[in-house]
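> Just to be clear, the model below is a prediction. Sequence and coordinates:
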Amino acid sequence: MTSTVRPTREQVDEQIVDRAAALFAQHGFAQTSLQAIADAVGYSKAGLLHHFPSKEALYAAAVSLTRASLQQILDVVADLPLGPERDRRGLAEVVGWALRSPGQTALGLSSVTRLAGDSSFKDEATDGVPLLQVFGIGPDDCDPGRLIRVVSALSGVLVTTLVAHHTGAGATWQDAITRTAFDALGHRDAGVPPAQHPDQVEA
């Protein structure tokens with residue numbers, strides 16, 4: 001007889017926070033209701049409040065977890081010089097995070113898109129700053145071309161990992177997603193031949 005391992009209270013809370021983070025990223029704090037979060041996680045409103053006493057508490061937990069995850073990713077690559085290897089390692093970390101915590105990733109990326117044209121970019125406490133710093137973009141040295149590539153690559157990671165979740169592909173797509181995002185940053189994976197145009201034929 002097989003026994004079912006029940007998730008711990010901490011694991012359940014993290015799942016709730018991740019679902020809430022996805023809704024906050026999509027609709028914003030003001031437009032996200034406790035009932036919408038409860039519906040997303042399969043709880044009654046009263047059941048949700050048993051885990052978190054208010055929407056503000058849920059949002060604070062979502063921001064705190066997202067910020068901590070972003071900082072962990074930055075710490076992994078902080079000692080690497082800027083360049084292809086740092087980009088590759090940073091993308092691998094981001095893709096892994098996106099597959100584990102899609103809601104947090106959406107919240108982190110939504111802060112990046114706000115930062116792209118916002119003076120709050122100079123506030124180092126802002127959630128998106130560490131994610132951009134992973135790829136060498138800082139508050140005072142923002143190259144527009146590089147920013148476009150980084151935001152495009154990260155947006156692709158978010159969308160593709162969400163598709164992976166919905167299709168059940170999960171981690172089986174991880175390497176391919178990382179390679180594709182690496183290409184979006186202007187690099188080509190040395191182990192992957194350039195794509196051949198459909199009209200090209202071998203001699």
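Ah, there it is.
> helices and strands of this protein: which one bottoms out on pLDDT?
helix 102-115 (a mean of 81; mean pLDDT, DSSP states H and E).
> Remind me what whatever helix or strand comes next after that helix packs against, helices and strands.
As assigned by DSSP states H and E, the chain's next helix or strand after helix 102-115 is helix 129-134. On a contact count with 3 or more CB pairs under 8 Å, 6 or more residues apart in numbering; DSSP states H and E, helix 129-134 meets helix 55-77, helix 84-100, helix 102-115, helix 144-167. C-beta: built from backbone N, CA, C; applies to glycine.
> Could you dump those into CSV with distance to residue 136 and mean neighbour count added?
As requested, the helices and strands packed on helix 129-134 are exported to CSV (distance: least, CB to CB, whole Å; neighbours: other CB atoms under 10 Å):
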stretch, distance to residue 136, mean neighbour count
helix 55-77, 9, 18
helix 84-100, 7, 21
helix 102-115, 14, 23
helix 144-167, 7, 17
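> could you dump those to a markdown table with distance to residue 47?
Below are these laid out as a markdown table (distance: least, CB to CB, whole Å):
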| stretch | distance to residue 47 |
| --- | --- |
| helix 55-77 | 13 |
| helix 84-100 | 24 |
| helix 102-115 | 19 |
| helix 144-167 | 24 |
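> hey, least reliable of those by pLDDT?
By mean pLDDT, the lowest-scoring of those turns out to be helix 102-115, with a mean of 81.
> Give me the helices and strands touching it, please.
With contacts taken as 3+ CB pairs under 8 Å, 6+ apart, helix 102-115 sits against helix 9-27, helix 55-77, helix 84-100, helix 129-134, helix 144-167.
> Can you tell me, leaving aside adjacent residues, what's nearest to the spatially most central residue of the chain?
Centroid-nearest residue in the chain, with CA atoms, centre = their mean: residue 105, separated by 2.3 Å. In space, and not counting its chain neighbours, residue 105 is closest to residue 98: 4.1 Å by CB to CB, 6 or more residues apart in numbering.
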